[in-house]
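Student: The sequence isn't on hand, but the structure is:
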């Protein structure tokens, strides 16, 4: 049984204690019942939408892309120093179709509202009378909290803009990077196209819309702004696609082979300043980091364990009644050992950071020199 995250409607406190299906506010004492939450609903949707097509007319100069790719490799610190020993192929050009899909979703639900009110009641109270030395009863006015249950039904609406990349040849990492960039094409001149570009299939749209409806239903707490309720039932979800915009986007790619593995640099829709590449970790940087992690494990951790043992020993000897002077000496020894462990770990971190910074600076400078010479060679070819 799921318990709702509630705030007390009487005082607003979120300090709620739940026991045996009863929630009790720890601040004012208000009590109310909890019920089941069922995410069991039917999904209905339709696809009635406008479809617009856009394209980029200008193609990127292949030499410009190649020069940007070289400088991209040179300036990334995680790229190995000998990256330009790789075998580079000629730049490639192709198109992919990217669709943005506007989904309008409506989720209906029903629940039982817990309406709490404070009522004035005349109640009998027992008190001890000091004069007669007896317990007596008198009637006094007291405010009590009462909870009334009311059936309630409603719905909430969600707008979601989804992105679909229609290119089976791209891996999931590249597709995700494209999705991040597709709504940021402010530097690209998209023009409305008279061509009919392929939109996602009906099956893909059905699957996408169903997934969005289900996700919206699961995130109901973002949309149902009611504090006290029980027996929430989300029983129907419907959605429609109102607009699909499809972009014919040029993809520029540079394939290269480094140490037996194939890599590709991508440029999406002339976004030359945001090239995409699967991360290549420099082996030397990785070795320095691994070396530090191993030292951290075999130096700092034993120091910490040893300090804990000494602290337990210190507490035990204190209880046993050891002399104050001996306890002070032991306390000083424990403190010195703990400080020494922290200092060694800090020095180790500093050295590791310095070595990585020194190596990456040297590596970037070296790579930039090579990249610049390659760019100069390309410039000479263009002049010829």
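Tutor: It's in. Only a predicted model underlies this, so the values are computations on that prediction, with no experimental measurement involved.
Student: How about the contacts made by residue 122?
Tutor: Residue 122 makes contact with 139-142 under the criterion CB atoms under 8 Å, 6 or more residues apart in numbering. For the C-beta atoms, the positions are set from N, CA and C on the backbone; glycine is no exception.
Student: Below-threshold pLDDT in the stretch 151-300 of the chain: ranges please.
Tutor: Applying pLDDT under 70 to the stretch 151-300 of the chain flags the ranges 167-168, 182-191, 270, 295-300.
Student: How are the strands of it distributed by residue range?
Tutor: 190-192, 229-258, 261-268, 276-277 (DSSP state E, counting those that start in this stretch).
Student: out of the ones you listed, nearest to residue 84?
Tutor: strand 229-258 (9.5 Å; CB to CB).
Student: Paired strands for the closest one, with orientation please.
Tutor: Here strand 229-258 has these sheet partners by DSSP bridges: strand 37-56 (parallel), strand 87-88 (antiparallel), strand 92-129 (antiparallel), strand 261-268 (antiparallel).
Student: now that strand: how far from the chain's centre is it?
Tutor: Mean-position distance between strand 229-258 and its chain equals 17 Å (CA atoms, centre = their mean, to the nearest Å).
Student: what's the answer for stretch 348-360, then?
Tutor: Offset of stretch 348-360 from its chain centre (CA atoms, centre = their mean): 29 Å.
Student: in that stretch, what's buried?
Tutor: Under the neighbour-count criterion of 16 or more other CB atoms under 10 Å, stretch 348-360 has 348, 352, 355-356, 359-360 buried.
Student: pLDDT averaged over it, what's the number?
Tutor: Mean pLDDT, stretch 348-360: 85.
Student: sorry, back to before: nearest to residue 109 among the strands of the stretch 151-300 of the chain would be which one?
Tutor: Shortest distance between residue 109 and the strands of the stretch 151-300 of the chain, using CB to CB, is found for strand 229-258: 4.6 Å.
Student: What about residue 70, how many residues nearby?
Tutor: Residue 70: 24 surrounding residues under other CB atoms under 10 Å.
Student: quick one, phi psi at it?
Tutor: Main-chain dihedrals, residue 70, degrees, to the nearest 10: phi -60, psi -40.
Student: how much space between it and residue 206?
Tutor: Residue 70 is 44 Å from residue 206, where distance means CB to CB, to the nearest Å.
Student: and what of residue 78?
Tutor: Separation of residue 78 from residue 206 (CB to CB): 41 Å.
Student: Look up which helix or strand residue 362 falls in, please.
Tutor: Per DSSP states H and E, residue 362 falls inside helix 324-383.
Student: packing partners for that helix?
Tutor: If you count contacts as 3 or more CB pairs under 8 Å, 6 or more residues apart in numbering; DSSP states H and E, helix 324-383 packs onto helix 62-75, helix 283-295, helix 301-320.
Student: and the angle from the first one to strand 261-268?
Tutor: What it means is helix 62-75. 120 degrees (axes from the mean of the first three to the mean of the last three CA atoms, to 10 degrees).
Student: Can you get me the centre-to-centre distance for helix 62-75 and its chain?
Tutor: 31 Å.
Student: Would you mark the buried spots in that helix?
Tutor: Buried residues in helix 62-75, counting neighbours by 16+ other CB under 10 Å, are found at 64-74.
Student: tell me what it is packed against?
Tutor: With contacts taken as 3+ CB pairs under 8 Å, 6+ apart, helix 62-75 sits against strand 229-258, strand 261-268, helix 324-383.
Student: need the ones you listed in TSV with distance to residue 281, can you?
Tutor: Listed next are the helices and strands packed on helix 62-75 as TSV, based on distance: least, CB to CB, whole Å:
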stretch	distance to residue 281
strand 229-258	12
strand 261-268	12
helix 324-383	12
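Student: that older thread, turn the contacts of residue 122 into a markdown table, columns for distance to residue 195 and pLDDT.
Tutor: Below are those laid out as a markdown table (distance: CB to CB, whole Å; pLDDT from 0 to 100):
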| residue | distance to residue 195 | pLDDT |
| --- | --- | --- |
| 139 | 86 | 85 |
| 140 | 84 | 82 |
| 141 | 80 | 82 |
| 142 | 78 | 81 |
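Student: Okay, residue 239 and residue 138: tell me how far apart.
Tutor: Distance check for residue 239 against residue 138: by CB to CB, it reads 63 Å.
Student: Could you identify the buried members of the contacts of residue 122?
Tutor: Among these, none counts as buried by neighbour count (16+ other CB under 10 Å).
Student: Sitting in strands, which of those residues do you find?
Tutor: In strands, defined here by DSSP state E, the members of the contacts of residue 122 are 139-142.
Student: which one of those residues sits closest to residue 118?
Tutor: Nearest to residue 118 among the ones in strands among the contacts of residue 122 is residue 142, at 10.2 Å by CB to CB.
Student: So what pairs up with the nearest residue to the closest one once chain neighbours are set aside in the strands?
Tutor: Of all residues not flanking residue 142 in the chain, residue 123 sits nearest, at 5.1 Å (CB to CB, 6 or more residues apart in numbering). Counting by DSSP bridges, residue 123 is bridged to residue 140.
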